[in-house]
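# Got a predicted structure here, sequence first:
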Amino acid sequence: MSKTICLRNGTVFTGIAIVPHTSVIIEDNKIADVISNDKLKKMNLPKDTTMIYVNGAYIAPGFIDTHIHGIHGYDTSEASVDSILEMSKALVNYGVTGFCPTLYPQDEKTFIQCIEAIRDAMGKEEGAKIYGMNLEGPFISREKHGALDPKFMKPVDMESMEAYYKASGGNITIMTVAPELEGMHELALYCAKHGIVMAAGHSNATYEDMMEGVKSGILHSTHFFNAMRRLHHRDPGVVGAIMIYPNIACEIIADGYHIHPAIVKLLQRVKPIHKIVLVTDSLRPTGQMTGKLTANHEEVFLRDGLFVRKEDETIAGSALTMITGVRNLVEDMNIPLEDALRMASCNPATVISKQIETGYIMPGREADIVVFDENYDIKLTMVHGEIKKMME
């Protein structure tokens, strides 16, 4: 039997524009119509339609976090199906309807086990959908290791790559690579053949190295500016190349710490808005309210919105959520709301080639929806037409 839900009287971001006094009708898990309130009054909806009055709140495509390591005390490094599924359940609290669980380099045996755990979790989600996995390495630069352990980074090894892909069941969606590494061209051809998005990151690439990577199909970049060779007037480096060429997409961690708000404004000037992708890169204790906080197998504490290692007080990583990232972009960085929402939904959907299915509030798309108010409080999260979170 057909199931109809009407989100009534919202301010709808379709993925193209923000339209007030608008309602969204969902039938059989898909968006059936986006219609003005005046026209809705003239419609004859089924008598058993579930009517949800949102009272002018924002209705937007669900957020897609393509780079996330953990949340609510769970993470991807445990090689645990249950841990991945708990991440899925936690993410809907922040408006996330889809994500790519992200793995950092570990010893080979554990890395494979973690890949297998994500694979085995797919299709069992009770919250946000898993859109394949994101491998942040291991074919990255030890010179630009950032918070990752350099001892697990290694040269390009096609035998290992084949093992990762086999363990994933064909579900590697994104892979961070350092374009300067020898053997990168062969790896790029392999990724192109298997539909894997290559992202430049943790890289000491020169401008020429990056241009060779672009020729091979590296058209995305991981947490832009962070763990990358800096811009120099005699060598634009990997950062310069990404800024110069408009078709290279870039992730940003919009917490105000990983990149300065002024850099976001600069990016807005030099990059097409549809090529900027909001990610959290969040770690295990994100949103965890009690207990000992650990990340990357080390004790950490939260300071100024970042996780800091207790041992030496160096930055361990991000505590960002997607809804907070949207708020930061708008409130602290003067980004228009529609652009912030593009970065959180439409743009990541395009990077992982899901834009025909999701990322927009348009008829025929999956009903992956977030509703939030003017204070950026999540009121409702819907995944594939099913309400996963709803506040009174």
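Nice, I can see it. Residues are numbered from 1 along each chain as shown.
# all contacts plus neighbour counts: C-alpha atoms, from now on.
Fine.
# what about residue 100, helix or strand, and which?
Counting by DSSP states H and E, the element that carries residue 100 is strand 96-103.
# I meant to write residue 126 there.
When elements are defined using DSSP H and E, residue 126 is found to belong to no helix and no strand.
# who does the strand or helix carrying residue 370 touch, helix- and strand-wise?
Remark: residue 370 resides in strand 369-372, with elements defined by DSSP H and E. Under the contact criterion of 3 or more C-alpha pairs under 8 Å, 6 or more residues apart in numbering; DSSP states H and E, strand 369-372 touches strand 58-61, strand 378-383.
# can you list those strands in JSON lines and add mean neighbour count?
Supplementary listing: these in JSON lines, determined by neighbours: other C-alpha atoms under 10 Å:
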{"stretch": "strand 58-61", "mean neighbour count": "28"}
{"stretch": "strand 378-383", "mean neighbour count": "24"}
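# thinking again about what came up before, tell me the strands beside the strand holding residue 370, with direction?
strand 58-61 (antiparallel), strand 378-383 (antiparallel) (DSSP bridges).
# Torsion angles phi and psi at the nearest residue to residue 196 once chain neighbours are set aside?
Computed as C-alpha to C-alpha, 6 or more residues apart in numbering, the closest residue to residue 196 that is not its neighbour in sequence is residue 173, at 5.0 Å. Residue 173 adopts backbone torsions of phi -100, psi -40, taken as degrees, to the nearest 10.
# Just the pLDDT for residue 173.
Among the per-residue scores, residue 173 shows a pLDDT of 98.
# Check residue 290 too.
Model confidence at residue 290, given as pLDDT, is 67.
# Go ahead and name everything in contact with stretch 88-96.
Taking contacts as C-alpha atoms under 8 Å, 6 or more residues apart in numbering, the residues outside stretch 88-96 that touch it are 62-65, 71-72, 97, 125-130, 321-323, 369-371, 378, 380-381, 388-389.
# what do you get if the cut-off is 6 Å, keeping everything else the same?
Surrounding stretch 88-96, the residues in contact under the criterion C-alpha atoms under 6 Å, 6 or more residues apart in numbering are 62, 63, 64, 126, 127, 128, 323, 370, 381.
# hang on, the earlier thing: state the distance from the residue nearest to residue 196 to residue 364.
24 Å (C-alpha to C-alpha, to the nearest Å).
# what does residue 204 give?
Residue 204 sits 43 Å away from residue 364 when distances are taken as C-alpha to C-alpha.
# so where is the stretch 251-392 of the chain shaky, pLDDT-wise?
For the stretch 251-392 of the chain, applying pLDDT under 70 flags the ranges 289-290, 392.
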